[in-house]
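*Asks:* Give me the fold of what follows.
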Amino acid sequence: MSAAVDGCDYVRVDQDGGVVATVVIDRPHKRNALDRAGWHALGAALTRLAADKTLRCLIVTGVPGAFCAGDDIPAFAAVQDDPAARRDYWDTIMRCYAAISAVPFPVIAAIDGPCIGGGCTLALRADFRVAGQGASFAVPPARLGLVYPADSTALLAHIVGDSFARYMLYAGQKIDAARAVAAGLAMGSGESSGLGAARELAKDFAHSAPLSVRASKLALNAVANGTLDLVRSEVEQLSHQAEQSADRREGTAAFKAKRLPKFSGN
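*Replies:* Okay, here's the model as predicted:
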């Protein structure tokens, strides 16, 4: 089943009742660049799906030919002379970034074609970036006279290392799929379609215990942000919850029976 989100006809959610949902940006004439309505709809979709207890993985992608070219520059430029509108637009983008970071289960960015600017920032906040052969990446604020957000800069450096992050930010040039994979920015798909490879990767999480994955993601995100001490108690609480859970009993039974576990998230 496919449905548009919050009246935005180019952001839709594809769900078939399984454990994986796909959020699709479908605005090919703009290379899937997002205006304010698109950022709002994407953030709303991510927030809603994050609360879905049946899901084990989320894929974010664009229609074939592009992942996301970032912000719709003319749309953003149109509000530059209105401080209140500009702040609202910017805050909408930031809420979308926060929404993808807050998804408690694995998020995969399936990247075919350009992944540029805000689109690259979006992909950085996923757990995995799977690149098709035609994928390309760029962080171009230096070519637009803008400044990349500090937290996104830190995340980029955490993923690709200091030197390569400096190159991407200082030069603002496109990085092809092979170079992105070599730098650790993306995983290679081994095929032309990043989406196809993302769907295969998603299968690896179908039989994992949700509480375990949630605790691991919480801790790993905190490591990336330098805030591990702030979440230690929450991770410990999740550990105690997992020890008393039906899923822990199911995991033990499945191990003894040498079968795949059927976790419920309880």
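*Asks:* Tell me where the stretch 51-200 of the chain has helices.
*Replies:* With DSSP state H, counting those that start in this stretch applied, the stretch 51-200 of the chain shows helices at 73-77, 83-102, 118-124, 141-144, 150-160, 162-171, 177-183, 194-203, listed in chain order.
*Asks:* Just name the most buried of those.
*Replies:* The highest mean neighbour count among the helices of the stretch 51-200 of the chain, using mean count of other CB atoms under 10 Å, belongs to helix 118-124: a mean of 26. C-beta coordinates here come from the backbone N, C-alpha and C atoms, glycine included.
*Asks:* if we look at that one, which residues are touching it?
*Replies:* 32-34, 60, 62, 67-71, 93, 96-97, 100, 109, 111, 115, 129, 137-139, 149, 152, 155-156, 159 (CB atoms under 8 Å, 6 or more residues apart in numbering).
*Asks:* circling back: can you list the helices of the stretch 51-200 of the chain in TSV and add distance to residue 20?
*Replies:* Listed next are these as TSV, based on distance: least, CB to CB, whole Å:
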stretch	distance to residue 20
helix 73-77	31
helix 83-102	16
helix 118-124	18
helix 141-144	33
helix 150-160	23
helix 162-171	30
helix 177-183	23
helix 194-203	5
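*Asks:* okay if I get the ones you listed as TSV plus distance to residue 28 and mean pLDDT?
*Replies:* TSV is the format used below for the helices of the stretch 51-200 of the chain (distance: least, CB to CB, whole Å; pLDDT from 0 to 100):
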stretch	distance to residue 28	mean pLDDT
helix 73-77	16	91
helix 83-102	20	96
helix 118-124	14	97
helix 141-144	22	92
helix 150-160	26	95
helix 162-171	25	97
helix 177-183	20	95
helix 194-203	15	93
